[in-house]
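**Student:** coordinates only, sequence not included:
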Ligand SMILES: NC(=O)c1ccc[n+]([C@@H]2O[C@H](COP(=O)([O-])OP(=O)(O)OC[C@H]3O[C@@H](n4cnc5c(N)ncnc54)[C@H](O)[C@@H]3O)[C@@H](O)[C@H]2O)c1
């Protein structure tokens, strides 16, 4: 099978590395990026990627390419997804599919008519710690799930230019945690109540966003979840999940830079969490691409399809509304706005 990667920035290159590691019968035939750096070009050539384009249409019209990875900025995901599906390509699209629910619904409709697979890039599902936690929750190790606690804090905020086009913290950052809540519980969220503030950088506030948030979720079954987010944790990327149930609790702790622990008369010191997503989730990125390719080979459903791309966006919009109106918001309210 031949692959084309559209957008060759940070995440495009991560997925290329995963495909190369996967090897077997996969070849990255082409990449496209209108602003590709010399360094990335050289990397691609050194790794045997034959075609390097500025226009992604060259990938979509290449009949030899079966699979397209969309790693361009978020505002391009919808249009490229649409054109790729119409050309009969299997699509892996980075998160989020779009900030616009109508566009996601259009992709969903298209997928009903075209025999191609579509996977959304919620990589944390493929992290071995969170996957193990989910498996234990689902197999009843802690009895009935009562509370889910998700901590998700970045080591440093993104540039303000990015904040302005990010869609806001809920659609850019918390969206991963909304996916994690659905993934671990195996349930759908019914209602959201969010509080937020600007505590890291007042420029983020001036750009119309918040940088710190607590989001409470109520699932249809009555299970409760709480997510806490910050754009700046001085000790590194803080990624933890706790599931609490009738028979106990399960924790997935941070992965640290290394496992050394220094004990002296001053105290006991362990290392920081791995710095950010590229360090923390490399195993997960590799696994998500592997499972996508395996799904294509075995003609089975992808682990994270278009509905999994849609639901966190609905939750994110409910969280946004909750902050704006200072009240709990039901997902059904947002669904009604879009005729879902
Ligand atoms: N799942 C994750 O953990 C994760 C992590 C980072 C980014 N992302 C998502 O991946 C996407 C890209 O993020 P990034 O961090 O790699 O950004 P980036 O800026 O490093 O890379 C994006 C690349 O796309 C290129 N590009 C712009 N317009 C294009 C077009 N029309 N056709 C092809 N390429 C185009 C840019 O030149 C750039 O090189 C975003 O949607 C982001 O939300 C997901």
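**Tutor:** Cool, got the structure. Keep in mind that what you see is a predicted model, and the values were worked out from it rather than measured. Residues are numbered from 1 along each chain as shown.
**Student:** mind listing what the closest residue to the ligand within the chain touches?
**Tutor:** Here the residue of the chain nearest the ligand is residue 9; by CB to the nearest ligand atom that distance is 1.8 Å. C-beta here means a position set from N, CA and C on the backbone, and glycine is covered the same way. Applying CB atoms under 8 Å, 6 or more residues apart in numbering to residue 9 gives the contacts 33, 71.
**Student:** List phi and psi for it.
**Tutor:** Dihedral pair for residue 9: phi -100, psi -140, per degrees, to the nearest 10.
**Student:** One more: residue 56?
**Tutor:** Main-chain dihedrals, residue 56, degrees, to the nearest 10: phi -70, psi -20.
**Student:** what's the nearest residue to residue 34 if we skip its chain neighbours?
**Tutor:** residue 54 (4.6 Å; CB to CB, 6 or more residues apart in numbering).
**Student:** Could you pick out the residues of the stretch 1-150 of the chain near the ligand for me?
**Tutor:** 6-12, 32-35, 56, 71-74, 76, 94-95, 121, 123 (CB under 6 Å from any ligand atom).
**Student:** For the residue nearest to residue 34, the count of nearby residues, please.
**Tutor:** Residues near residue 54, counting by other CB atoms under 10 Å, number 10.
**Student:** just residue 306 next, same as before
**Tutor:** Residue 306 has 23 nearby residues by other CB under 10 Å.
**Student:** before we move on, which element is the closest residue to it other than its chain neighbours in?
**Tutor:** Computed as CB to CB, 6+ apart, the closest residue to residue 306 that is not its neighbour in sequence is residue 108, at 4.8 Å. Assessed by DSSP states H and E, residue 108 sits inside helix 101-113.
**Student:** Name the residues of that helix that are buried.
**Tutor:** 101, 103, 104, 105, 107, 108, 110, 111 (16 or more other CB atoms under 10 Å).
**Student:** For the very next helix or strand once past it, which helices and strands make contact with it?
**Tutor:** Per DSSP H and E, the first helix or strand lying C-terminal to helix 101-113 is strand 118-121. Using 3 or more CB pairs under 8 Å, 6 or more residues apart in numbering; DSSP states H and E, the elements in contact with strand 118-121 are strand 90-94, helix 282-297, helix 306-325.
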